[in-house]
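Participant: need a structure here:
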Amino acid sequence: MTSLRSNGRPEPEVIASFLDGHSYSKGKIEEVFRTLRLDKPYPKPGKAAPSQFKLEDIELITQEFEVTRPQAEKILGEAGGDVVEALKQLMGLRQQ
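Facilitator: Predicted coordinates for the structure are as follows:
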């Protein structure tokens, strides 16, 4: 049960009481959090630049060899856009 103050209002829910006598109420912390973070719109992530290579080729390399999209595009660029040559290069079958 919540204890009442002398003015008739209930005591706020205290999250933590410290040895120096300070305490923080849940309502005040939530209010500060809302004003700092929740009222601001989140930034939208930017779209990736269009690539000169086929999306299927890039996805194949990124999923099968667990490399990032920029790495896959670089490998495809070195292979002249040929996915077979890029795969050979990744597997170490291509002679350099």
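Participant: Model confidence score at the closest residue to residue 81 other than its chain neighbours, please.
Facilitator: Leaving aside its sequence neighbours, residue 81 sits nearest to residue 53 (C-beta to C-beta, 6 or more residues apart in numbering; 5.8 Å). Using the backbone N, CA and C atoms, a C-beta is placed for each residue, glycine as well. We have a pLDDT of 88 for residue 53.
Participant: got it, and residue 50?
Facilitator: pLDDT, residue 50: 76.
Participant: Contacts only, for it.
Facilitator: Applying C-beta atoms under 8 Å, 6 or more residues apart in numbering to residue 50 gives no contacts.
Participant: next one: residue 86
Facilitator: 57, 61, 72, 75-76, 78-79.
Participant: so which pair among these is furthest apart in space?
Facilitator: Greatest spacing in the contacts of residue 86, by C-beta to C-beta: 57 and 78 (13.2 Å).
Participant: Can you pull out the low-pLDDT segments for this structure?
Facilitator: The model of the chain has pLDDT under 70 over residues 1-8, 10-24, 37-43, 45-46, 48, 94-96.
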